[in-house]
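Asker: Sequence and predicted structure, then a few things I'm wondering about:
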Amino acid sequence: MRRDHLPSHALLDAVASALRDLVAPDEEINVSYSESDTPTAWIVIVEFADGVRTGFEVVTSASPAELVATTADNLQQAMIDHVGEARPVCPYHEHPLVATTVDGVAVWACPRGDGAWPIGSIGRPNASGDTDGGRTTSP
């Protein structure tokens, strides 16, 4: 199916929000988009500096919060697969946070229930794996 438009601003914003929390300042990530066979979906293609590429389909007809959470979940898995570490890491434990929605807001949540932070607010991981701040909700 050929479309005469680009991905929605909502999808572009969802990708940008998630990448703010997943990509370290010294990492280069290129993101491109391809049409899906599904009319309400796009393929998001992530290319890392070493040339490794991966992609996933995102249904853009989801609610705004679900679109952000689903996109963040897929980008998080791509990052973990590529760099081999949890991102973003839970500030209270060593496991990765989980992208989900809480009360209509897309958040990174501790799977143990110890906190949730809006996606895009945590900040970029640095070389030690810590983030540069931005946590807005805590237990």
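Answerer: Looks like it came in fine. Residues are numbered from 1 along each chain as shown.
Asker: From Gly120, how far out is the residue nearest the centre of the chain?
Answerer: For the chain, the residue nearest the mean C-alpha position is Ala72 (2.4 Å; C-alpha atoms, centre = their mean). Going from Ala72 to Gly120 by C-beta to C-beta, to the nearest Å gives 8 Å. No exception for glycine: its C-beta is placed from N, CA and C like everyone else's.
Asker: Now list whatever residues contact both of those two.
Answerer: Common contacts of Ala72 and Gly120 (C-beta atoms under 8 Å, 6 or more residues apart in numbering): 17-18, 21.
Asker: Asp37 falls within a helix, correct?
Answerer: No. Read with DSSP: H, G, I helix; E, B strand; the rest coil, Asp37 is coil and lies in no helix.
Asker: Give me the neighbour count for His95.
Answerer: The tally of other residues near His95 (other C-beta atoms under 10 Å) stands at 12.
Asker: Apart from its chain neighbours, what residue comes closest to it?
Answerer: By the measure of C-beta to C-beta, 6 or more residues apart in numbering, the closest residue to His95 outside its immediate chain neighbours is Ala86, 6.0 Å from it.
Asker: does the one you found sit in a helix, a strand or a coil?
Answerer: Here Ala86 is recorded as coil under three-state DSSP.
Asker: helix or strand right after the lengthiest helix in the chain?
Answerer: Taking DSSP state H as the criterion, the chain has its longest helix at helix 64-83. Later in the chain than helix 64-83, the nearest helix or strand by DSSP states H and E is strand 98-102.
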